[in-house]
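Asker: sequence and predicted model, in that order:
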Amino acid sequence: MREKLKAIRSVLRVHELMEEMREAELLRVVVEAREVERAIALQREIAQSASNGWRNALLDDDNLTASVSVVRQKLAHGREARLIPMLSETERRSDELRVRYIDSSRWTERVSRLTRKIEDEVKAAEEKRLQRETDERYLSRRRWAQSKLASPER
């Protein structure tokens, strides 16, 4: 029983380490997704700023600034278009890793409960063994004392 408990504890420790790794990987991907979201928001701000610059340049009759603003806006939209698939991919990976982490966490909890149950069984068996030994010593002393009383003194 103790060997079984030792083996289960080892398996539990391995799974706890795997769970920690999965959690770290999940956090890394979540951070990556937030960074891509911030980059997309930045490109949208740049595009909006360029659009405002273009309008102001047209009002001021400044063709060069209007042309630069149009180019800045197109570049920002292009970068945003390249970032959106990256965001979709990181969110997909994040969802996938979240499911794996939750499954791993549940499995670790089941093994942990099993370990506690086996520990309780080992403890109960040890207590029974100690009680049995105590009872045997008591009965042995009692038999010895009775045999002493029953036997004539020499």
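Answerer: Sure thing, it's come through.

Asker: now stretch 73-91: buried residues?
Answerer: 73, 76, 79-80, 83, 87, 90-91 (16 or more other CB atoms under 10 Å). C-betas here are computed from N, CA, C, even on glycine.

Asker: residues touching it, excluding its own?
Answerer: Residues outside stretch 73-91 that contact it (CB atoms under 8 Å, 6 or more residues apart in numbering) are 29, 32-33, 36-37, 39-40, 43-44, 46-47, 50-51, 54.

Asker: center of this structure, which residue is that?
Answerer: By CA atoms, centre = their mean, the chain has its centre lying nearest to Glu23, at 3.2 Å.

Asker: how close does the residue nearest to that one when sequence neighbours are not counted get to Glu16?
Answerer: Of all residues not flanking Glu23 in the chain, Tyr101 sits nearest, at 5.8 Å (CB to CB, 6 or more residues apart in numbering). According to CB to CB, to the nearest Å, Tyr101 and Glu16 sit 13 Å apart.

Asker: okay, now the unreliable bits of the protein?
Answerer: Scanning the chain for pLDDT under 70 picks out 1, 152-154.

Asker: helices of that one, start to end?
Answerer: Per DSSP state H, the chain has helices spanning 2-59, 63-150. These are given in chain order.

Asker: sorry, back to before: ok, of the contacts of stretch 73-91, which come out buried?
Answerer: With neighbours counted by 16+ other CB under 10 Å, the contacts of stretch 73-91 contain buried members at 29, 32-33, 36, 39-40, 43, 46-47, 50, 54.

Asker: so which of the contacts of stretch 73-91 comes closest to Ala125?
Answerer: Of all the contacts of stretch 73-91, Val29 has the smallest distance to Ala125: 45.7 Å, by CB to CB.

Asker: can you redo the buried residues of stretch 73-91 as CSV with distance to Ser147?
Answerer: Converted to CSV, the buried residues of stretch 73-91 look like this (distance: CB to CB, whole Å):
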residue, distance to Ser147
Gln73, 108
Ala76, 102
Arg79, 99
Glu80, 98
Leu83, 93
Leu87, 88
Thr90, 83
Glu91, 83
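
Asker: please identify the most buried of the helices of the chain.
Answerer: Between those, helix 2-59 has the highest mean count of neighbours, a mean of 15, where neighbours are mean count of other CB atoms under 10 Å.
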